[in-house]
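Chemist: need the 3D shape of this:
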Amino acid sequence: MGKCMSVLMTAAQIAQAVNGELHGMEADTLIEGPVVIDSRQAIEGSVFVAIVGEKVDGHDYATATAGEVGTVLVIAQRPVDAPHILVDDCVLALGRLATVHLESLRANGEITVLGMTGSVGKTTTKDLTRQLAEVLGNTVAPRLSFNNEIGLPLTVLEADASTRYLVLEMGASGPGHIDELTAIAPLDIACVLMVGHAHMGGFGSIEAVARAKAEIIDGLYPEGLAILNADDERSVAMADRAPASVVTFSASGNPEATVRAINVALNERGCATFTLSCEEGQYPVELKFPGIHNVSNALAAMTMAMNLGMSAEQAAQVMSEATILSPHRMDVRELACGALIVDDSYNANLDSMTASLACLPTLAGTRHKVVIASAMLELGESSDDVHERCGKKAAEVGTDLLITIGNLATPMSRAAREAGVEVLHYENVEQLLEQLDSLVEAGDCVLIKGSHGSGAWRVADRLLQESVA
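Modeler: Model prediction:
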């Protein structure tokens, strides 16, 4: 993964950066290959960080990798039969290397670092911000949802001397996580999308979620800019923590917000149209991807771009051509059999599930409305209540058939059934996949949603093998 580091480093410099001991390589050996955590991506001159994962230990591949591709410098927690730097913790070492690399880029060039967080919308907003920033200059942004202590430094290490904008997505499943990420990459611009019900099991309360998300504001440079969602009281309350300027955005047209959406509507494809309203004037926007909730994500991205120097008019024009780049996010396609698939299966919590369900009536039109929902994970004690609320919401939007997966989703099934929805329940994804072909018909609109770990994306992948559009 990644491009070569723009500032060439010797083995000794890398060892110093990660607080490690160099073994088996001359100190002045120049390293100019990519930093990778997957041995299959190593090439001559790579730095291979041997991370110990839940299922795979990178150390097991260090010797073979170095032997197969040539000069590879391994960062390892235990001695390996290859040139290596011995460290206490490979994940921390990866973060330290990214920090030193970014410090060098800042000292030797012009790079602006943007970070965003929120309970929903991070990856979509990241994709949109990337497309806007690329118009202004060379931009690096994460692949997929690389938003943790491994993915974020890997993204930082993709930046080089030509990079003008570094767009970072920052996730958190517990207190202090975003603090750790901003320590690796302090921010020039920090954006908070919204505070919701994601990862409740790791926080305990929505107030604790808000405190954790506010860590991104604490990660700003003293002159850094905070961009906050004026429609979310917990987000806008973070203004007091901002070290310098604050700007706000509002999808509801709040006249006190710096950037607003007015005249919001949905077209026949379920995509939002609106007018971007700000101090510069008013400009029409027509999104190419469905969901009224994406107005807020689009506004956040445009607000960031406008604070990089893009005009409001150009931001509206570019946004009207932008797409969602990452998979399993409101991806609407027609199957060969005639069914319409709405794949929003990457992840789920109360807020994102509710938003997806709200799109269903417009997207389905007169089609038979089918919802396939795998369990929402990491909700802690709120799990039963959240699933029950989503079951009621499925009924409210006119779902004809609800298919649930996993025991945690049982309250969703029960609530929907009590509200008159036809329900099928499967204990796991494998059981559903065995019968899937018989459940989806030509006149259906099928919305697929669920937490990544509970497997809804596997259902989407199976169905989309037959897509024609």
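Chemist: going forward, measure contacts and count neighbours with C-alpha atoms only.
Modeler: Will do.
Chemist: what's the mean pLDDT across stretch 449-460?
Modeler: Computed over stretch 449-460, the mean pLDDT rounds to 94.
Chemist: would you mark the buried spots in that stretch?
Modeler: 449, 450, 451, 452, 454, 455, 456, 457, 458, 459, 460 (16 or more other CA atoms under 10 Å).
Chemist: next: stretch 11-22.
Modeler: Buried, per 16+ other CA under 10 Å, within stretch 11-22: 11, 12, 13, 14, 15, 16, 17, 18, 19, 20, 22.
Chemist: tell me the secondary structure of the third one, please.
Modeler: What it means is residue 13. Three-state assignment for residue 13 (DSSP: H, G, I helix; E, B strand; the rest coil): helix.
Chemist: which residues touch it?
Modeler: Residue 13 makes contact with no residue under the criterion CA atoms under 8 Å, 6 or more residues apart in numbering.
Chemist: what's the distance between it and residue 35?
Modeler: Using CA to CA, to the nearest Å, residue 13 is found at 14 Å from residue 35.
Chemist: and residue 271, by the same measure?
Modeler: The value you get for residue 271 to residue 35, if CA to CA is used, is 39 Å.
Chemist: ok, these two, which is more surrounded?
Modeler: A count of neighbours by other CA atoms under 10 Å puts residue 35 above the other of residue 271 and residue 35, at 30 against 21.
Chemist: and the more buried one, bridged to which residues?
Modeler: residue 47 (DSSP bridges).
Chemist: correct me, but residue 189 touches residue 115?
Modeler: Yes: taking CA atoms under 8 Å as the definition, residue 189 is a contact partner of residue 115 at 6.3 Å.
Chemist: hang on, the earlier thing: for residue 206, state which of the buried residues of stretch 11-22 is nearest.
Modeler: The nearest member of those to residue 206, counting by CA to CA, is residue 18 at 35.7 Å.
Chemist: now for the closest one: which residues touch it?
Modeler: Counted by CA under 8 Å, 6+ apart, residue 18 has contacts 87, 92, 93, 94, 96, 97.
Chemist: which residues touch the fifth one?
Modeler: For residue 96, the residues meeting the contact criterion (CA under 8 Å, 6+ apart) are 17, 18, 184.
Chemist: switch the cut-off to 10 Å
Modeler: Contacts for residue 96 (CA atoms under 10 Å, 6 or more residues apart in numbering) come out as 14, 16, 17, 18, 19, 90, 102, 153, 183, 184, 185.
Chemist: tabulate these (TSV), appending pLDDT and distance to residue 164.
Modeler: Shown next, in TSV, are the contacts of residue 96 (pLDDT from 0 to 100; distance: CA to CA, whole Å):
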residue	pLDDT	distance to residue 164
14	97	24
16	97	27
17	97	23
18	97	25
19	97	29
90	97	28
102	97	12
153	96	17
183	97	20
184	98	18
185	98	15
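Chemist: the residues you listed in strands, which ones?
Modeler: Among the contacts of residue 96, DSSP state E puts none in strands.
Chemist: residue 224 contacts residue 187, correct?
Modeler: Yes: counting by CA atoms under 10 Å, residue 224 does reach residue 187; the two are 6.9 Å apart.
Chemist: and these two? which has more neighbours close in?
Modeler: With neighbours defined as other CA under 10 Å, residue 224 and residue 187 compare such that residue 187 has more, 27 against 21.
Chemist: ok, the more buried one to residue 112 distance?
Modeler: For residue 187, the distance to residue 112 - CA to CA - is 8 Å.
Chemist: mutual contacts of those two, please.
Modeler: 166, 167.
Chemist: tell me the secondary structure at the residue nearest the centre of the chain.
Modeler: In the chain, the centroid-proximal residue (CA atoms, centre = their mean) is residue 123; its distance is 2.9 Å. Secondary structure assignment for residue 123 (three-state DSSP): helix.
Chemist: I figured it hits residue 115, correct?
Modeler: No: the criterion here is CA under 10 Å, and residue 123 misses it with residue 115 at 11.3 Å.
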